[in-house]
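[1] generate coordinates for the sequence data below:
(2 chains)
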There are 2 protein chains.
Amino acid sequence: MRAMKPKLTLHSGDPAPNAAPARHCVNLPAPFAMRLGGVLPEVRIAYETWGRLAADKRNVVLLFTGLSPSAHAASSPADPTPGWWEEMLGPGKPLDTERFFVVCVNSLGSCFGSTGPASVNPETGRPYALHFPTLTVEDIAAAARAALHALDIPRVHVLVGASLGGMSALAYAILFPGEADVLISLSAAIHSEPFSIAVRSLQRELIRSDGAWQGGDYPPGDGPREGMRLARKLGMVTYRSATEWLERFGRERADCAGHEPFGIEFEVESYLESRARSFIGDFDANSYLYLSRAMDLFDAAEHGGTVENAFRHLKIEKALIVGVETDILFPLHQQQQLADAMLKAGVATQYVPLPSKQGHDSFLVDVDRFRPTVGDFIAAL
Amino acid sequence: MRAMKPKLTLHSGDPAPNAAPARHCVNLPAPFAMRLGGVLPEVRIAYETWGRLAADKRNVVLLFTGLSPSAHAASSPADPTPGWWEEMLGPGKPLDTERFFVVCVNSLGSCFGSTGPASVNPETGRPYALHFPTLTVEDIAAAARAALHALDIPRVHVLVGASLGGMSALAYAILFPGEADVLISLSAAIHSEPFSIAVRSLQRELIRSDGAWQGGDYPPGDGPREGMRLARKLGMVTYRSATEWLERFGRERADCAGHEPFGIEFEVESYLESRARSFIGDFDANSYLYLSRAMDLFDAAEHGGTVENAFRHLKIEKALIVGVETDILFPLHQQQQLADAMLKAGVATQYVPLPSKQGHDSFLVDVDRFRPTVGDFIAAL
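    Numbering: from 1, shown residues only, chains lettered A, B, ... in the order given. Sure thing, here's the model as predicted:
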């Protein structure tokens, strides 16, 4: 098959083109109707690509992200800075760019080039903020599909995603049967369970409780930094695992222990603080709220009344479902549940529970386990 | 043995004598030196008692509480309102008041009658607030012992406690060898691990981040209500278990779903909100900070360099160590660790891992499992 590059456009409205030189954007050709009501008159989806599109366009890998990453999943000649899945994507890597044309999209509702609550509402000339319609995982999937169609890419060979990205990939498979061949879901689920809903609800409340949030109407680029910092800390508590921290930190005291009343005493507190501080500023608070709630709302069973019905029309040929023993947000029984439902729907499904210690974030950090798991599955396609 | 009541005094300084009619208070006879520095010139310890002290004073059960309860563990003729361990304490119950003289103390540093950060510093005439010295679990144990001595009770037959209370009981056994015969530790540990430290650190930060905290100098009876509400929510997320919530709430929607932007959607969120609201107002925020940090700081190994050394001088004859499979704050491996160390120190130790689904709080709510476990052990003493 002959390799070609699709026509790509860098739109002038990109808020930080120099900061993301490999980022492309595509405007959807028509207003976008949201699943739970509301219409976005203009939608732009940011994406990056790696590899070359085959002449028959059958080598497309669509990569969805978790809640917070941009489309910069890996480096490229245009942007040599490491991406968030650098070790998984590239020549000879599991998402092999010598074989596949990999497209990673920034989710609808996010803030790294795609339309979201921080975008200007063309009808008012001001940021949408809370006037952005309720976002669902299905909207993220549908907007990504519309972006591919706008790029004249009619179908996907492999859908890949972890966490929210896995939910988005699954939604794509359910909503658009026959438009994708393979599903790879990492640490995702058919729906959110109450523990993870409780955690995310509290994270959102921490953001909303920050006076700087101002009911969502904070100045562009500014916002509830304290609320975001605290929400990120809570996130980190649930993204990793007690086992990892016990081995990594134990009861080690921090260098700055005792500097302020009830301040940092232990190394684990210092770690959380530095991780939280590195997060704030990058991410729009309203985007966080919308994407976080989309995860709570997702329930595959809504597409037919039961998961069985929802999966009845799947045209996925093969699926890889990977989960992690120490994941408390998307626990292993949810991976088994998803794999069982896939099998029952007639999908050739491989289920791999991994003994990673890094909890929900293992797909980002325990790459030595995920690389062969995903790589072997893809190599056998 | 002849039964007698010790001389008890209700001090006029009790802040709410009518609200806690069974509460007694004892002033320690001398200034109290805190373990990490600082001296409290006056210390009052609030307590309640059930049953009658034997003539030989050998039937004393000393009950320590978790972080938030008062000394009102059970009802009594003087106060018929149900206590926090009503089903475990009383005639014919595991802590059998026909056999034992049960004393429950309000921890030093708490706010239900005992001296704590909300108490007036006699040297300044104002509440201690953050001028209260650093509190440790060992201080809680030592103050309780001093209170018993002031009541002319020289020794304890059974030390009992859950969570922070279990740590306090263990500290008592380590600090005062030969003064107690039996230890019952429920869902406690020899030290805190980084996951629970991270959670409590974040809870404290939520309180400190509330402007109404005012660096600890909020008006008496007032304080950081929002911070306390959020900290309590985070607490509830870690006190229960994902398994319990999945069975109890699933993805049930709340009656009030959709009433405000990013407000409550799911029943689990409604539950957390109501539990958090019922907590605020009762508990002094600075007390919370001090007691919470005491749990982080506790490490039995500090008494000799290793746990083995710390336990070398134990004179405990029998121990019951109970933990719960779904406890993420004091996980089961910590119970095994404590039981192993007890056994190694020559203590006749019974270790009981329970399959309760209610996580760390199981000792409060899964009473049907805890009652026979604790009851059988005590009955065999």
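[2] how is chain A carved up into domains?
    Chain A breaks down into these structural domains: A:3-192+A:296-379, A:195-290 (assignment by automatic domain parsing).
[3] how far does the first one sit from the chain's center?
    If I follow you right, that is domain A:3-192+A:296-379. Remark: domain A:3-192+A:296-379 is offset 6 Å from the chain centroid, using Cα atoms, centre = their mean, to the nearest Å.
[4] quick one: that domain near chain B?
    Yes. Interface with chain B: domain A:3-192+A:296-379 contributes A:Leu130, A:His191, A:Ser192, A:Asp296, A:Leu297, A:Asp299, A:Ile328, A:Pro331 (Cβ under 8 Å from any Cβ of the partner chain). The C-beta positions use only the backbone N, C-alpha and C, and glycine is treated the same way.
[5] look up the closest residue to the third one, ignoring the ones flanking it.
    The shortest distance from A:Ser192 to any residue other than its chain neighbours is 5.2 Å, reached at A:Asp296 (Cβ to Cβ, 6 or more residues apart in numbering or on different chains).
[6] give me the phi and psi angles of the nearest residue to A:Phe311 once chain neighbours are set aside.
    Here the nearest residue to A:Phe311 in space, its sequence neighbours aside, is A:Ala345; by Cβ to Cβ, 6+ apart that works out to 3.7 Å. For A:Ala345, the backbone dihedrals are phi -80, psi 0 (criterion: degrees, to the nearest 10).
[7] coming back round to it: could I get the domains of chain A as a markdown table with mean neighbour count?
    What follows is those, written out as a markdown table (neighbours: other Cβ atoms under 10 Å in any protein chain shown):
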| stretch | mean neighbour count |
| --- | --- |
| domain A:3-192+A:296-379 | 20 |
| domain A:195-290 | 20 |
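[8] out of those domains, nearest to B:Ile184?
    Judged by Cβ to Cβ, the one of the domains of chain A that comes nearest to B:Ile184 is domain A:195-290, at 25.1 Å.
[9] quick one: secondary structure of the residue of the stretch 1-150 of chain A found nearest chain B?
    When Cβ to the nearest Cβ is the measure, the stretch 1-150 of chain A has its nearest residue to chain B at A:Leu130, with 5.1 Å between them. Using DSSP: H, G, I helix; E, B strand; the rest coil as the criterion, the local structure at A:Leu130 reads helix.
[10] check contacts around it.
    A:Pro117, A:Gly215, A:Gly216, A:Asp217, A:Asn286, B:Pro261 (Cβ atoms under 8 Å, 6 or more residues apart in numbering or on different chains).
[11] and with 7 Å instead?
    Remark: with contacts taken as Cβ atoms under 7 Å, 6 or more residues apart in numbering or on different chains, A:Leu130 is in contact with A:Gly215, A:Gly216, A:Asn286, B:Pro261.
[12] against B:Ala294, how distant is A:Ala254?
    Using Cβ to Cβ, to the nearest Å, we find A:Ala254 at a distance of 18 Å from B:Ala294.
[13] one more: A:Gly165?
    41 Å.
[14] low-scoring pLDDT stretches of chain A, where are they?
    Applying pLDDT under 70 to chain A flags residues A:1-18.
[15] helices of chain A, start to end?
    Along chain A, counting by DSSP state H, helices occupy A:137-150, A:164-175, A:194-209, A:225-239, A:242-248, A:267-279, A:285-297, A:307-312, A:332-344, A:362-365, A:367-379.
[16] for A:Lys315, which residues are in contact?
    Contacts for A:Lys315 were tallied using Cβ under 7 Å, 6+ apart; they are A:Pro177, A:Gly178.
[17] need phi/psi at it.
    Main-chain torsions, A:Lys315, degrees, to the nearest 10: phi -110, psi 20.
[18] let me have the contacts of A:Leu130 in TSV, extended by distance to A:Asp139.
    Rendered in TSV, the data for these read as follows (distance: Cβ to Cβ, whole Å):
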residue	distance to A:Asp139
A:Gly215	23
A:Gly216	19
A:Asn286	15
B:Pro261	17
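[19] which one of those sits closest to B:Pro77?
    Distance from B:Pro77 was checked for each of these by Cβ to Cβ. The minimum falls on B:Pro261, at 51.7 Å.
[20] please report how far that closest one lies from A:Pro194.
    Distance, B:Pro261 to A:Pro194, using Cβ to Cβ: 21 Å.
[21] centre of the chain to stretch A:216-228, how far?
    Taking Cα atoms, centre = their mean, one finds stretch A:216-228 lying 22 Å from the centre of the chain it belongs to.
[22] repeat that for stretch A:290-309.
    Per Cα atoms, centre = their mean, the centroid offset for stretch A:290-309 relative to its chain is 16 Å.
[23] okay, how far is it across it, tip to tip?
    Using Cα to Cα, to the nearest Å, the end-to-end distance of stretch A:290-309 comes out at 27 Å.
[24] next one: stretch A:185-198
    Across stretch A:185-198, the terminal residues are separated by 23 Å (Cα to Cα).
[25] which residues sit against it?
    Here stretch A:185-198 has contacts from A:161-163, A:166-167, A:169-170, A:295-296, A:298-301, A:307, A:321-324, A:327, A:329-330, A:334, A:337-338, A:341, A:360, A:363, B:237, B:242, B:245-246, B:249-251, B:266, B:268-269, B:272, using Cβ under 7 Å, 6+ apart.
[26] off-centre distance for that stretch?
    13 Å.
[27] who's in contact with stretch A:70-87?
    Counting by Cβ under 7 Å, 6+ apart, A:20-23, A:46-48, A:50, A:63, A:69, A:89-90, A:93, A:104-106, A:112-113, A:364, A:367, A:371 sit against stretch A:70-87.
[28] same thing but 8 Å
    Stretch A:70-87 is touched from outside by A:20-23, A:46-48, A:50, A:63, A:65, A:69, A:88-90, A:93, A:95, A:102, A:104-106, A:110, A:112-113, A:364, A:367, A:371, with contacts defined as Cβ under 8 Å, 6+ apart.
[29] just the CA trace of it, in PDB.
    In PDB, the C-alpha atoms belonging to stretch A:70-87 read as follows (Å, rounded to 0.1, in the frame of the first residue of the first chain):
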ATOM      1  CA  SER A  70      -2.800  16.800  25.300                       C
ATOM      2  CA  ALA A  71      -2.600  15.100  21.800                       C
ATOM      3  CA  HIS A  72       1.200  15.200  22.200                       C
ATOM      4  CA  ALA A  73       1.600  11.500  22.900                       C
ATOM      5  CA  ALA A  74       5.100  11.200  21.500                       C
ATOM      6  CA  SER A  75       7.800  13.200  19.900                       C
ATOM      7  CA  SER A  76       8.200  13.700  16.200                       C
ATOM      8  CA  PRO A  77      10.500  15.600  13.900                       C
ATOM      9  CA  ALA A  78       8.100  18.600  14.200                       C
ATOM     10  CA  ASP A  79       8.200  18.500  18.000                       C
ATOM     11  CA  PRO A  80      11.000  16.500  19.600                       C
ATOM     12  CA  THR A  81       9.800  17.000  23.100                       C
ATOM     13  CA  PRO A  82       8.800  13.700  24.700                       C
ATOM     14  CA  GLY A  83       5.100  13.000  24.700                       C
ATOM     15  CA  TRP A  84       3.000  11.400  27.400                       C
ATOM     16  CA  TRP A  85       3.300   7.900  25.900                       C
ATOM     17  CA  GLU A  86       6.700   8.200  24.400                       C
ATOM     18  CA  GLU A  87       7.800   4.700  25.000                       C
END
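[30] need the helices of chain A in TSV with distance to A:Ser187, can you?
    What follows is these, written out as TSV (distance: least, Cβ to Cβ, whole Å):
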stretch	distance to A:Ser187
helix A:137-150	15
helix A:164-175	7
helix A:194-209	11
helix A:225-239	10
helix A:242-248	15
helix A:267-279	19
helix A:285-297	12
helix A:307-312	18
helix A:332-344	8
helix A:362-365	6
helix A:367-379	10
